[in-house]
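Chemist: take a look and give me a structure for this.
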Amino acid sequence: MPAASSTPVVTRFAPSPTGYLHIGGARTALFNYLYAKGRGGKFLIRIEDTDRERSTDDAVKAIFDGLSWLELFADEEPVFQFARADRHRAVVDQLLETGHAYRDFLSAEETGALRDAAKAEGREFVSPWRDREPTVDDLAKPHTVRFRRPLDTAVVVEDAVQGPVRWETSALDDLVILRSDGAPTYNLAVVVDDHDMGVTHVIRGDDHLNNAARQSLIYDALGWRRPVFAHIPLIHGPDGAKLSKRHGAQAVHEYAEMGYLPEAMRNYLARLGWAHGDEELFSDEQARQWFDLDGVGKAPARLDFDKLAHVNAHWLRLAADDRLAKLTLDAHLVVGRPLREGDEARLQQAMPFVKDRAKTLTELADQTAFVLATRPLILDEKARALLSGETAGRIARLRNRLGLFQSWDVFALEVELKAFAEEEGVGFGKIGPPMRAALTGGLVSPDIARILSALGREEALGRLDDALQQTK
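Modeler: Sure thing, here's the model as predicted:
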């Protein structure tokens, strides 16, 4: 039965540490976080590390690094499933005592042969040990423990996303809940851990939907209240196929490296498979207030990199300039650009004039390279050609005029540049390109007034002096 509405909400994210934090896992974590936080509940993390051969410390670190970047922090210390094996085995003993489990002494080879025979006859495999009492000698032999499922009935899960889902127990097998080496299996451990952690809502990918049938039977056998199950569709690529390497980035750390902001990723992932009206751009606080399982769709969500870029551009524009300066400095370091003392301050000064042109931090680094260029900028042949003859004289006159100009406000500079062009009797096309060459050396940059403002008065005038000196 579903958890009572008066019960404080507790959700959990329970990844297996066998690799990086996948973008689908990140969205699952976010949905759990939003659902709990929007209801004054708790968000917990459990590392399901019972697969000792595949679980690694590096993968655990990658998971926590990804969650930390997304700023999805648990309200309690993380739980590690493997460390709870004794508790899991105690519950197995409880199920044996109540007759809801039995010991199976079949070898792997015998099980395989009987399973093949059952398949050939069109029936489900049932171990002969289901209704056989082991002897004292039998108990000394290696064996597994199986859950004794009820026969000739059905298990129904009232899924908060999928709706009612029904399975005939005759179509299920007697699940192994304890391996012959004494290791508890996944479905048993999950039930015990979720119960002990007080989890009220299990929100996870719909690839776990069939597990909900077996886990529900274990809950019922133990007399424990089932959590509310909510199985969300997986994320597909833009072409509708299952997300894979050919679609591009899959891991959370890859999105960080590509220059996306964590708040943009939270905004985008929240909207990926969930909707609140037509809202596309919303704050973390709005997401917490609005998120509900009723808004989760039943069809797989499609990753859309263009929409992600649009969302990221929005949050770049809203981000504080000092924070963006630090992040952009890091982006410059990643590509190996030489940096010098004071570059962070230069980037912060330039940020208001460049950040609305970029969609990612990587683009922002490219578009601020001109700010960090070291004087004197060496002009190439094309730049020298732009600053030759009559143009050099015009730029010299503009430089002198700007030298008398005290206000370095971008709007005032725009007016000043326009007035100068009118007085010279030329279109701005005769002024813009040579000024850009002199001020940036041809690097990617915004319009001239913004370049001047981004560089600051002394740096801009110095660059103009350097360029004019090279044209003599």
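Chemist: make it CA atoms for all contacts and neighbour counts henceforth
Modeler: Will do.
Chemist: next, count neighbours for residue 115.
Modeler: Counted with other CA atoms under 10 Å, residues neighbouring residue 115 total 17.
Chemist: what residues does it make contact with?
Modeler: Neighbouring residues of residue 115 by CA atoms under 8 Å, 6 or more residues apart in numbering: 124, 125, 126.
Chemist: so what's the residue count around the second one?
Modeler: It stands for residue 125. 20.
Chemist: quick check: which element contains it?
Modeler: Of the helices and strands defined by DSSP states H and E, none includes residue 125.
Chemist: that one touches residue 112, doesn't it?
Modeler: No: applying CA atoms under 8 Å, one finds residue 125 not in contact with residue 112, separated by 9.6 Å.
Chemist: quick revisit: what would the contacts of residue 115 look like in JSON lines with pLDDT?
Modeler: Formatted as JSON lines, those follow (pLDDT from 0 to 100):
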{"residue": "124", "pLDDT": "86"}
{"residue": "125", "pLDDT": "92"}
{"residue": "126", "pLDDT": "94"}
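Chemist: which non-adjacent residue is nearest residue 463?
Modeler: Spatial nearest neighbour of residue 463, chain neighbours left out: residue 439 (5.7 Å); criterion: CA to CA, 6 or more residues apart in numbering.
Chemist: wait, I meant residue 242
Modeler: Per CA to CA, 6+ apart, closest to residue 242 is residue 236, 4.6 Å.
Chemist: contacting residues around that neighbour?
Modeler: Residue 236 makes contact with 242, 243, 300, 301, 302, 303, according to CA under 8 Å, 6+ apart.
Chemist: just give me the least confident of those.
Modeler: Least confident entry in the contacts of residue 236, by pLDDT: residue 243, with 78.
Chemist: roughly how far apart are that one and residue 22?
Modeler: 10 Å (CA to CA, to the nearest Å).
Chemist: and residue 172, by the same measure?
Modeler: 30 Å.
Chemist: how about the nearest residue to residue 355, chain neighbours excluded?
Modeler: Nearest to residue 355 is residue 317, by CA to CA, 6+ apart, at 6.0 Å.
Chemist: that neighbour: neighbour count?
Modeler: Neighbours of residue 317 using other CA under 10 Å come to 18.
Chemist: check residue 271 too.
Modeler: 21.
Chemist: find the nearest non-adjacent residue to it, please.
Modeler: Nearest non-adjacent residue to residue 271, counting by CA to CA, 6+ apart: residue 280, 6.9 Å away.
Chemist: and residue 176, by the same measure?
Modeler: Leaving aside its sequence neighbours, residue 176 sits nearest to residue 146 (CA to CA, 6+ apart; 4.2 Å).
Chemist: three-state assignment of the residue nearest to residue 463?
Modeler: Secondary structure assignment for residue 439 (DSSP: H, G, I helix; E, B strand; the rest coil): helix.
Chemist: ok, residue 425 - contacts?
Modeler: Residue 425 touches nothing, counting by CA under 8 Å, 6+ apart.
Chemist: on that earlier part again, now go through the contacts of residue 236 and say which are in helices.
Modeler: Among those, no member is found in helices (DSSP state H).
Chemist: save these as TSV, and put in distance to residue 70 and neighbour count too.
Modeler: Below are those laid out as TSV (distance: CA to CA, whole Å; neighbours: other CA atoms under 10 Å):
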residue	distance to residue 70	neighbour count
242	24	14
243	21	20
300	22	18
301	20	21
302	20	18
303	18	21
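Chemist: how about the residues you listed in TSV, adding distance to residue 130?
Modeler: TSV is the format used below for these (distance: CA to CA, whole Å):
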residue	distance to residue 130
242	39
243	41
300	39
301	43
302	45
303	47
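Chemist: quick one: the residue nearest to residue 463 and residue 458 touch, right?
Modeler: No: Residue 439 is beyond contact range of residue 458, at 11.9 Å (criterion: CA under 8 Å).
Chemist: just to revisit the earlier point, distance check, the residue nearest to residue 176 against residue 120.
Modeler: According to CA to CA, residue 146 stands 23 Å off from residue 120.
Chemist: how about the strands in the stretch 1-150 of the chain?
Modeler: Remark: strands assigned in the stretch 1-150 of the chain by DSSP state E, counting those that start in this stretch are 10-13, 42-47, 79-80, 101-104, 144-147.
Chemist: what helices or strands is the longest one leaning on?
Modeler: Helices and strands touching strand 42-47, as assessed by 3 or more CA pairs under 8 Å, 6 or more residues apart in numbering; DSSP states H and E, comprise strand 10-13, helix 23-37, strand 79-80.
Chemist: do you know which of these lies nearest residue 134?
Modeler: Minimum separation from residue 134 across these (CA to CA) falls at strand 79-80, 34.0 Å.
Chemist: give me the mean pLDDT for the closest one.
Modeler: 98.
Chemist: give me the pLDDT for the residue lying closest to residue 380 once chain neighbours are set aside.
Modeler: Excluding the flanking residues, the one nearest residue 380 by CA to CA, 6+ apart is residue 441, at 7.8 Å. We have a pLDDT of 92 for residue 441.
Chemist: could you pull out the buried residues of the helix or strand bottoming out on mean pLDDT in the chain?
Modeler: Across the helices and strands of the chain, mean confidence by mean pLDDT, DSSP states H and E is lowest for helix 381-386: a mean of 90. Neighbour counts over helix 381-386 (16 or more other CA atoms under 10 Å) mark 383, 384, 386 as buried.
Chemist: again, but for stretch 182-198
Modeler: For stretch 182-198, a neighbour-count test (16+ other CA under 10 Å) marks 183-195, 198 as buried.
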